[in-house]
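1. here you go, sequence then predicted model.
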Amino acid sequence: MPDLILLHAERAWWLLTLPLVLWLVIPPRPRRVEATAHLPQWEAALQGLRRRRPRAFSLQLLLLLLAAACAVLALLGLGVAGQVGPQRLVVLLDGSQSMAAHSAFERARERVVTTLADLPAEVDVRVLRCGGPMLRRHGESARRLHDLGAPAGSRHVDLAALAGEVAGDPTADVTAHDGVVVWTLTDGQGVGTLPTVGALTTFGAAASNAAVLGVTVTDRWPLPGLELAIDVIGHGAGAELAVEVAARGAVVAPWSVTRRIPVGEVVRFECELERTVPGGELLVEVALAQDALPTDDRWRLQLPPLPAPRIAVLAAAESGPFVVAAAAALATEVRGQVVAPAVEEPVGLLLVDGGEVAIEPGTVRALCFGARFGGPGAGGAAEPAVARAAAGVEWDRQQPFLAGLDLSELRVERWNAETLPTGPGVEPFLFAGEEPLAVVHRGQGTRGAEDGSASVHFAFRLADSNLPLLAAFPQLLRRLFVRSYGAAARIRVDSTPPPAGEQDLWLRATAPDRPLPEFGTPDRPLGAWLLGGGAVALLVRILCRRRDRAVVGQA
Amino acid sequence: MNAATPKSSMGARPIRGGRERVKPVVPPPVAAPFPPEFRRLLRELLARAPRAHGERVERLPRRRAALGQSGTFAGHRPYVRGDDPRRIDWAAYARSGELFVMQLEEEERRVATILLDLSPRLVVGTPSRRVAALRLAAVIGGLALRHLDGLTVVAPGGGTNAVSAFAGVADVERLLVQLEQLPWAEVAPPTAVQTLLQSGPLGRLHWISDFVAPRAVERNLAALRRRGGRVVGWLPALPDDVEPPARGYLTLQDPATGKRVVVTVDDALRSAMRRELAVLRRAQERVFAQSGSTFVRWPVPAADDHRRPDYEEVLRQCRT
């Protein structure tokens, strides 16, 4: 027998309406009382007409009272008392990378789904994925564990502290209606202490694992040469592990090596590779027998295609031979070719020395030396409007393409600052005092935004400086070539180092599992049932009245 | 029954909603059933009335008849409690194994007996059937005392006055007093007839009642017939015996039993009630006719109507 309660006991005065209804419904007492000697004849007449004597407590009255009682009880909020217990559940699901071992994450998901399916629907469920991206799910989405992803990343939160914070006062009575139950599902990997509050379910077991901690790439782009330094670590039961490290993919010849490495120590593997011209994915992986955690075994690098640039040269008549020689030297180094400039024939790099060129800075890969350009911001004079010598030249040593270059011997005899583009996207890297001598214009157009290409502008012609004579000039020229390609020349690394603490599956905190407590159920009002019962009672009463009228009609 | 009886006079309080509470009603005593006007009429009736007929039940002098229990053997009847053991026919007992009492044809004596119903059911009517019955008994008794040798008034349930004997015109006043003092009492017809049979010689029996239970009357008439009595049934007839009350929502109560019925009187119910009353009237007449007795439905005159024509039927019946 369930416990019945009144959810709105303050409305109990509505019960007074029941006697009122009773008083109103009972047939009134006749005002005339007559003595008769023929009462048997009256009864026989009534019986002949099949009339019933009005009764104070007839079935119709009882049905009406029942309907009224149902309505009043519904108003009072009659309901079944719920079970005392917590009504909120917060699931802390460890989604760190180590949960991929032994399919712990999938088993945890299955356990959560199974358990939540058996929970009362009134229990408020929230799921927090701890590890990797912090994901929160609430309500039905939480019960279905909607879109929680795969185990990856490190655990950025302390499960024990988070569980204690969510549960509030650890000493609080979780059996109360407003109690919060924390359910932690983890493999204990990389956890100093497991939560001491709430329920706990642990997964996983100690197992061997090898991981690629990092890959260092020395890129010789636009040359095909590639140097890799692969840091590998292994964890297992013994002192050493036999691992195989391999690199394959967009390289001319795959590379692999098998070696026994000490457990728990980072070992670097180095190799030189030659990548293919089209580029592509380079996969670096380590293989270990009975590796329980394969997600940290490989790194993926996206190699850009090798350039085969067509280098065009535009030189003014008064320009010296420096730009042509520079173009030839650059073409040799990047395995390109020098072509004659032609309209509507795309080139990979444009070398301009003096004169005027109709380009928009930042939209084409170009190296301009004292050249005026058309388009927005153009306006350079045919001859240098400012002709002066720059004795002391400074350069931005933070620029990657200037790293290690010595430009201290650079002398510029004539230069014109108006040949440099201005506006957003312009990065000066060479200065004469406070005035820029050269800038990199990062593309703001559609093409520049796509691949990060840029044009480099010098405020002086090669003939007006000793830059071609410097030893750093060929290197600067090649680096500026790479810089003009921008992101299209860079290797993209798609992998991240495995989180610390997620590699050694032998270091895991353990604790006995703690089951979930019995959850409470809210008070269940019976208003709908009561109103339905009252309606049925009224319907039956109407049917009774119609039947009585039919009987009288027959009589 | 046209006029409603005051609630206070009906005893039990009606129950709201119609369920009756079964409790007999004891009506108040009838106040002055014999007003001076009626007494003058009675004297006139007795002075000018033709000779009333009684049964010759005694041939010997009155004193001897009063003391003797002898006479010509007329037959047997089963012994009932209260019969004189000396009248048991032991020879018949030896033959049949059952007790029989010898009925003797007594010496001629002209007497009359009035069996008066004291049931509270007679409270109905205006004037009530009880008043009409008392006045009817007074007229019949007065005629008997005026012209016959004796009168016995049997009022079952009347206590010490249940059986009273009167003789001579001089007892008329005593008869009226005795009738006035009779209480209300509900006695079943078998008991009433038993009391009557134990009262002695019946002569002509005038049974004044409402006869609402013809079946019970039928059995008792047969018993009286076996005793050789000649019965005249008097029913003070009220308009309600023919016509039910007008339409309305009212509570009907049987004063004898206290039983109540709440009815809504409409045309259909009135028609049905008329049929039931007609059935009752036919049953009353049939019962008396089958027993060879006379049944007189005497219309009750108005309360203040004390004229001779109202009692012509009484005079005629007493003359035959």
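-> Done, it's in. Residues are numbered from 1 along each chain as shown, chains lettered A, B, ... in the order given.
2. which stretches of the chain have low pLDDT?
-> I'll assume chain A. Along chain A, segments meeting pLDDT under 70 span A:53-57, A:168-178, A:343, A:374-391, A:444-452, A:547-555.
3. ah, I was thinking of chain B
-> Applying pLDDT under 70 to chain B flags residues B:1-25, B:49-72, B:74, B:82, B:104-109, B:320.
4. looking at it, which helix is longest?
-> If you go by DSSP state H, chain B has its longest helix at helix B:267-290.
5. can I get the helix or strand just after that one in PDB, CA atoms only?
-> Downstream of helix B:267-290, the first helix or strand assigned by DSSP states H and E is strand B:294-299. Taking C-alpha atoms only, strand B:294-299 is exported to PDB below (Å, rounded to 0.1, in the frame of the first residue of the first chain):
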ATOM      1  CA  THR B 294     -74.000  -6.700   4.300                       C
ATOM      2  CA  PHE B 295     -71.400  -4.100   3.600                       C
ATOM      3  CA  VAL B 296     -72.400  -0.500   3.900                       C
ATOM      4  CA  ARG B 297     -70.200   2.300   2.700                       C
ATOM      5  CA  TRP B 298     -71.600   5.200   4.700                       C
ATOM      6  CA  PRO B 299     -70.500   8.600   3.500                       C
END
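6. tell me the SS of the closest residue to chain B within the stretch 201-350 of chain A?
-> The nearest approach of the stretch 201-350 of chain A to chain B comes at A:T201, 68.3 Å away (CB to the nearest CB). C-betas here are computed from N, CA, C, even on glycine. What DSSP: H, G, I helix; E, B strand; the rest coil gives for A:T201 is strand.
7. coming back round to it: what's the longest helix of chain B in contact with?
-> Helix B:267-290 has contacts (CB atoms under 8 Å, 6 or more residues apart in numbering or on different chains) with A:38, A:41-42, A:44-46, A:48-49, A:51, A:555, B:211-212, B:214-215, B:217-218, B:221, B:231, B:233, B:235, B:241-244, B:247, B:263, B:294-295, B:297.
8. what residues does chain A have near chain B?
-> Within reach of chain B by CB under 8 Å from any CB of the partner chain, chain A has these residues: A:26-46, A:48-49, A:51, A:53-57, A:555.
9. out of the residues you listed, which are buried?
-> Among the residues of chain A next to chain B, those that count as buried by neighbour count (16 or more other CB atoms under 10 Å in any protein chain shown) are A:26-27, A:29-30, A:33-39, A:41-46, A:48-49, A:51, A:53-54, A:56.
10. identify the residues contacting the nearest residue to A:L39 once chain neighbours are set aside.
-> Of all residues not flanking A:L39 in the chain, B:D254 sits nearest, at 4.0 Å (CB to CB, 6 or more residues apart in numbering or on different chains). Shown in contact with B:D254 (CB under 8 Å, 6+ apart): A:35-37, A:39, B:121, B:260.
11. how about the strands in the stretch 101-250 of chain A?
-> Here the stretch 101-250 of chain A has its strands, by DSSP state E, counting those that start in this stretch, at A:124-130, A:135-138, A:180-186, A:199-202, A:209-219, A:225-235, A:240-249.
12. I figured B:R308 hits B:L46, correct?
-> No - at 11.6 Å, B:R308 does not count as touching B:L46 under the criterion of CB atoms under 8 Å.
13. nearest residue to the middle of chain A?
-> A:P133 (5.7 Å; CA atoms, centre = their mean).
14. mind listing what A:I230 touches?
-> Contact analysis of A:I230 by CB under 8 Å, 6+ apart lists A:212, A:214-216, A:245, A:247, A:268-271, A:284, A:286, A:299.
15. hmm, I typed the wrong one, I wanted A:F373.
-> Here A:F373 is in contact with A:356-361, A:380, A:419, A:421, A:457 (CB under 8 Å, 6+ apart).
16. and of the contacts of B:D254, the nearest to A:V277?
-> Taking CB to CB as the measure, A:V277 lies nearest B:R260 of the contacts of B:D254, at 118.6 Å.
17. for that closest one, list each beta-bridge partner.
-> In this structure, B:R260 bridges to B:Q253 when assessed by DSSP bridges.
18. try A:V338
-> Following DSSP bridges, A:V338 is listed with bridge partners A:I311.
19. what about it, neighbour count?
-> 19 (other CB atoms under 10 Å in any protein chain shown).
20. verify the stated contact: it with A:A326.
-> No - counting by CB under 8 Å, A:V338 stays clear of A:A326, with 10.1 Å between them.
21. quick check: closest non-adjacent residue to A:V393.
-> A:L410 (4.5 Å).
22. gap between the one you found and B:Q290?
-> Distance of A:L410 to B:Q290, computed by CB to CB, to the nearest Å: 159 Å.
23. B:G141 and B:V169 touch, don't they?
-> No - using CB under 8 Å, B:G141 is not in contact with B:V169, being 10.8 Å away.
24. give me the more crowded residue out of these two.
-> For B:G141 versus B:V169, neighbours defined as other CB under 10 Å are more numerous around B:G141 (28 against 13).
25. taking strand B:294-299 as reference, get the angle to whichever strand or helix holds that one.
-> Under the criterion of DSSP H and E, B:G141 resides in helix B:129-147. Here the directions of helix B:129-147 and strand B:294-299 differ by 120 degrees (axes from the mean of the first three to the mean of the last three CA atoms, to 10 degrees).
26. and the residue sitting nearest the centre point of chain B, bridged to which residues?
-> Geometric centre of chain B, nearest residue: B:I208, 2.4 Å, by CA atoms, centre = their mean. With DSSP bridges as the criterion, B:I208 is bridged to B:L116, B:W234.
27. can you show me the strands along the stretch 101-250 of chain B?
-> Assigned by DSSP E, counting those that start in this stretch, the strands in the stretch 101-250 of chain B fall at B:110-116, B:150-154, B:163-166, B:204-208, B:230-237, B:248-253.
28. in the top helix by length along chain A, which residues are buried?
-> Determined from DSSP H, the single longest helix within chain A is helix A:527-554. Using 16+ other CB under 10 Å as the test for burial, helix A:527-554 gives A:527, A:530-531, A:533-534, A:537-538, A:541.
29. distance to A:L63 for the residues you listed - can I get that in TSV?
-> Shown next, in TSV, are these (distance: CB to CB, whole Å):
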residue	distance to A:L63
A:G527	20
A:L530	14
A:L531	15
A:G533	11
A:G534	10
A:A537	5
A:L538	7
A:R541	4
